[in-house]
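Novice: One predicted model, sequence on top.
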Amino acid sequence: MAVRDDVVNTIAAFSLFADLNGPQLEEVAHLFDETFFGEGERILRQGVSGSGFYIILEGTAAIRVNGVDRSSLKAGDYFGEISCLLGEVPIADIVAVAPLRCLVLPGGQLEGFLTTHPKVMYRLLQGEARKLKNTTKWLS
C-alpha cells in the first residue's frame, strides 16, 4: 500500500493528472504497472517495436531519431502515446539516460483509459499541441 501511496503522491504533481481527485489518482496508480529500466536500456525502438503508454516517475530518458538525440524526458513526461493511438510502430527510440522508474499502460488499454478520464485526455491533447507547436518552431 505504501508503494502505491508513493505513486499517488508523485502523479498528483504531474500536469497530466492535475484535474483528478484523490480516488481517481488511486485508480490510476492501480491501473498502471510500475516498471524500471537501467541506464542505457532502450524502452521503445524506432520503427520496430513498442506498444505502451509510459509516464516517467523518476529518472531521465533520451528521444533518439535515427541514432541522434533530439530531446530528453524527465519526471512527469510521457511517451508511447502516438504509437498507441495510431496503432503504429514508434517514431523514435526512447533510451534511459539514467535509471528510469515509469508507470506503463499496455497500448490496447490507452483508448479505454482516456475515454473514461476525459480530463486526462484533454491534458494529453494539450501536450500534443505543445509538441506540435515546438516542432513547427524548430522546423521554421
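Specialist: Looks like it arrived, so ask away. None of the values given here were measured: they were computed from a predicted structure.
Novice: where does the chain have low pLDDT?
Specialist: 1-3, 138, 140 (pLDDT under 70).
Novice: the longest helix in it is where?
Specialist: helix 118-139 (DSSP state H).
Novice: which helices and strands does that one pack with?
Specialist: Helix 118-139 sits against helix 110-116, with contacts defined as 3 or more Cβ pairs under 8 Å, 6 or more residues apart in numbering; DSSP states H and E. (C-beta placed from N, C-alpha, C; glycine too.)
Novice: before we move on, back to that, show me how far the longest helix of the chain is from its chain's centre.
Specialist: What separates the centre of helix 118-139 from the centre of its chain is 13 Å, taken as Cα atoms, centre = their mean, to the nearest Å.
Novice: One more: stretch 49-56?
Specialist: Put simply, stretch 49-56 sits 6 Å off its chain's centre (Cα atoms, centre = their mean).
Novice: and what of stretch 6-25?
Specialist: Using Cα atoms, centre = their mean, the offset of stretch 6-25 from its chain centre is 14 Å.
Novice: Pull out the buried residues from that stretch.
Specialist: For stretch 6-25, a neighbour-count test (16 or more other Cβ atoms under 10 Å) marks 7-8, 10-11, 14, 16-17, 20, 24-25 as buried.
Novice: Widest-spaced pair of those?
Specialist: Based on Cβ to Cβ, the longest span within those runs between T10 and Q24 and measures 14.8 Å.
Novice: Identify the residue spatially nearest to L44, adjacent ones excluded.
Specialist: Nearest residue to L44, sequence neighbours excluded (Cβ to Cβ, 6 or more residues apart in numbering): G50, at 3.5 Å.
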